[in-house]
Each structure stands twice: as structure tokens, then as C-alpha cells.
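Asks: no sequence on hand, only this structure:
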């Protein structure tokens, strides 16, 4: 059994991760779903609805494999929330979507996947996303 912590941010990311997990998820694997918003005045109701929709896609598509789902709104970066959630859920691995970005784009806007790859103490599965 593997405990997977899946980080998502929008429905398109969830669709890609769902396609990937449909082919790789074991019958006894457990899935924990997480989305993260900045919080406070910086988070709109539309962003919250998008996060909820992203979680719904995975929750519906993965069925009984989903053990828990969380939408964090506590002022952390998505990477911080994912790192903390992995410890809380005792996850074995992360699953996140990655977008192709230029080196300048990564510096200016950061990259959740990049931060996880550098800071995680467990494997990170990266699912390529198409724009």
C-alpha cells in the first residue's frame, strides 16, 4: 500500500493527474487530496470554487481510494501546505502536475513542483500538464 498526497490547483490539473493515476494506482493505495489558497483578502470566492472543483474531479474519479481531502487557506505557499500535509497524513509520495515554464518564469513566479523536488523528504511524482 502506498499513501499518495495529490496536490492540485485547478480542474485541468486534476484531469491530468486523474488520467495518470487511473493507470498507476494500486488497488490498496490510499489518496489524500490537497489544494492550497493564499487566504485573507488575497483569495477570492472564485479561487475557492476552482479549488473545490479541482478536488471534486479527483474525488469522483478515484472513488474509494480517496481517504481525505483538504482545501487549505492559511497564508502558506502551496509547497508549504503540501510539505506539512505529507507529514500530517504520513504520505509516502507526492503527486503534482508540472507546467513547462521558462527559467525567468520560474524565478518570477516560483514553482511548487520545484520547491517540492528540492525540499521533500519523500518521492515526488510529476505529471506533465499541457496548456
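Replies: That came in fine, so what should we check first? Fair warning: this is a prediction, and the values are worked out from it, not measured in the lab. Residues are numbered from 1 along each chain as shown.

Asks: any idea which helix or strand comes after the lowest-mean-pLDDT helix or strand in the chain?
Replies: In the chain, the helix or strand scored least confidently by mean pLDDT, DSSP states H and E is helix 103-109, which has a mean of 53. The helix or strand immediately downstream of helix 103-109 is helix 112-119, counting by DSSP states H and E.

Asks: can you name the element that comes right after that next one?
Replies: strand 124-128.

Asks: what helices and strands are in contact with that next one?
Replies: Applying 3 or more CB pairs under 8 Å, 6 or more residues apart in numbering; DSSP states H and E, we find strand 124-128 packed against helix 11-24, strand 93-98, helix 112-119. Every C-beta, even on glycine, is put in place using the N, C-alpha and C of the backbone.

Asks: most packed of the ones you listed?
Replies: strand 93-98 (a mean of 22; mean count of other CB atoms under 10 Å).

Asks: please list the residues outside it that contact it.
Replies: 2-9, 13, 16-17, 20-21, 82, 86, 111-113, 116, 120, 122-129 (CB atoms under 8 Å, 6 or more residues apart in numbering).

Asks: got the end-to-end distance for stretch 77-97?
Replies: Taking CA to CA, to the nearest Å, the span from the opening residue of stretch 77-97 to its closing residue is 16 Å.
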